[in-house]
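**Q** here is a sequence together with a model predicted from it:
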Amino acid sequence: MDYRVPLTLMPQAAGGYTVTSPLLPELVTEGDSMSEALENAKDAFAAVVELYEDLGRSLPQYDRA
């Protein structure tokens with residue numbers, strides 16, 4: 001199943017990027033480069049999906065309209 005999630009990448013003063021999602025506040029990760037941060041976001045998303053499943057919660061719907 002494909003699931004699209006809005007992400008925010010914030011450059012850090014010391015270098016690297018922090019990734020968050022306004023749709024999933026539990027999704028927080030970082031990386032030394034933009035590509036590493038986005039790759040880590042995939043792992044963070046998988047962890048959030050597992051958390052939601054453990055809690056019996058449905059993932060919120062993302063309406064890009």
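**A** Looks like it arrived, so ask away.
**Q** just the strands in the chain please.
**A** All strands of the chain, identified by DSSP state E, fall at 8-11, 17-20, 28-31.
**Q** with mean neighbour count, mean pLDDT and distance to Asp43 as extra columns, can I get those in TSV?
**A** The C-beta positions use only the backbone N, C-alpha and C, and glycine is treated the same way. What follows is those, written out as TSV (neighbours: other C-beta atoms under 10 Å; pLDDT from 0 to 100; distance: least, C-beta to C-beta, whole Å):
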stretch	mean neighbour count	mean pLDDT	distance to Asp43
strand 8-11	12	98	15
strand 17-20	19	98	11
strand 28-31	17	98	7
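**Q** can you tell which of those strands is closest to Glu50?
**A** Comparison of the strands of the chain against Glu50 by C-beta to C-beta identifies strand 28-31 as nearest, at 14.6 Å.
**Q** alpha carbons of the closest one, as PDB, please.
**A** Output in PDB follows, covering the C-alpha atoms of strand 28-31 (Å, rounded to 0.1, in the frame of the first residue of the first chain):
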ATOM      1  CA  VAL A  28      10.600  12.800  13.800                       C
ATOM      2  CA  THR A  29      14.000  11.900  12.400                       C
ATOM      3  CA  GLU A  30      17.200  13.500  11.000                       C
ATOM      4  CA  GLY A  31      20.100  12.900   8.700                       C
END
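**Q** sheet-wise, list the partners of it with their directions.
**A** Strand pairing for strand 28-31, using DSSP bridges, gives strand 17-20 (antiparallel).
**Q** starting at the chain centroid, how far to the strand it pairs with?
**A** Between the centre of strand 17-20 and the centre of its chain there are 8 Å (C-alpha atoms, centre = their mean, to the nearest Å).
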